[in-house]
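1. build me a model from this:
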Amino acid sequence: MQVKEVMKEDPVCCSRTTSVRNAARALREFDVGILPVVDEATRKLIGVVTDRDLCLVALGGDHDPTLTTVEDCMAADPVTCTPDTDVREVVATMAERQIRRIPVIDPDNTIRGMIGIYDLIRHNAFAPAAICRLLDRIMSPTRRARAQAA
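-> Got it, this is the predicted structure:
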């Protein structure tokens, strides 16, 4: 099974100049936990920002959420895949990198979609036991601490 068979197409995105407050509002409005950060003119992916990223910057620092931009807290080099990537490769990457969602891009880096664990569940791409093992690997604090130390 390929990513294009299970991904969510045309995800809600923001630009690097979007305020942290407006990004948080978009996350709430569209009920998502991650926003691809794209160039406004070309929709080429330049990063991602998660609800956690926004909380750590807006609440964990001395930043004004109306003046602080997504660029101040985004991950500038996100893990990506293409629509033709095999979902088994995506699951292996999620487990290895301890991430739950991956932007889907075209060869020219234009955002096409997002794939997350929920998409794999919704499309029965893996058995429930395999999804549980994946979640265990992603959520394991020991692995996360080792990954951050590396």
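
2. quick one, helices of the protein?
-> 20-30, 51-58, 87-97, 117-122, 128-139, 141-149 (DSSP state H).

3. switch those helices over to a markdown table; also include distance to residue 66.
-> Placement of C-beta: from N, CA and C, glycine included. Output for these, formatted as a markdown table (distance: least, Cβ to Cβ, whole Å):
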| stretch | distance to residue 66 |
| --- | --- |
| helix 20-30 | 5 |
| helix 51-58 | 10 |
| helix 87-97 | 32 |
| helix 117-122 | 31 |
| helix 128-139 | 33 |
| helix 141-149 | 30 |
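
4. so what's the closest residue to residue 22 other than its chain neighbours bridging to?
-> What sits nearest to residue 22 in space, not counting adjacent residues and going by Cβ to Cβ, 6 or more residues apart in numbering, is residue 14, at 7.4 Å. Listed by DSSP bridges, the beta-bridge partners for residue 14 are residue 37.

5. what of residue 103?
-> Under the criterion used (DSSP bridges), residue 103 bridges to residue 114.

6. thought residue 116 was touching it, still the case?
-> No: between residue 103 and residue 116 there is no contact under Cβ atoms under 8 Å: 10.2 Å.

7. so for the two, which residue has more residues nearby?
-> It is residue 103, of residue 103 and residue 116, that has more neighbours when counted by other Cβ atoms under 10 Å, with 25 against 20.

8. what sits against that one?
-> 11, 36, 45, 48, 78, 80-81, 111, 113-114 (Cβ atoms under 8 Å, 6 or more residues apart in numbering).

9. at 6 Å instead, please
-> Residue 103 makes contacts with 36, 45, 78, 80, 114, as judged by Cβ atoms under 6 Å, 6 or more residues apart in numbering.

10. in TSV, list those residues along with distance to residue 2, neighbour count and pLDDT.
-> Shown next, in TSV, are the contacts of residue 103 (distance: Cβ to Cβ, whole Å; neighbours: other Cβ atoms under 10 Å; pLDDT from 0 to 100):
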residue	distance to residue 2	neighbour count	pLDDT
36	20	25	97
45	19	21	97
78	20	20	93
80	15	17	96
114	15	23	96
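
11. can you redo these as a markdown table with distance to residue 20?
-> Converted to a markdown table, the contacts of residue 103 look like this (distance: Cβ to Cβ, whole Å):
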| residue | distance to residue 20 |
| --- | --- |
| 36 | 16 |
| 45 | 19 |
| 78 | 18 |
| 80 | 23 |
| 114 | 20 |
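
12. that'll do, ta.
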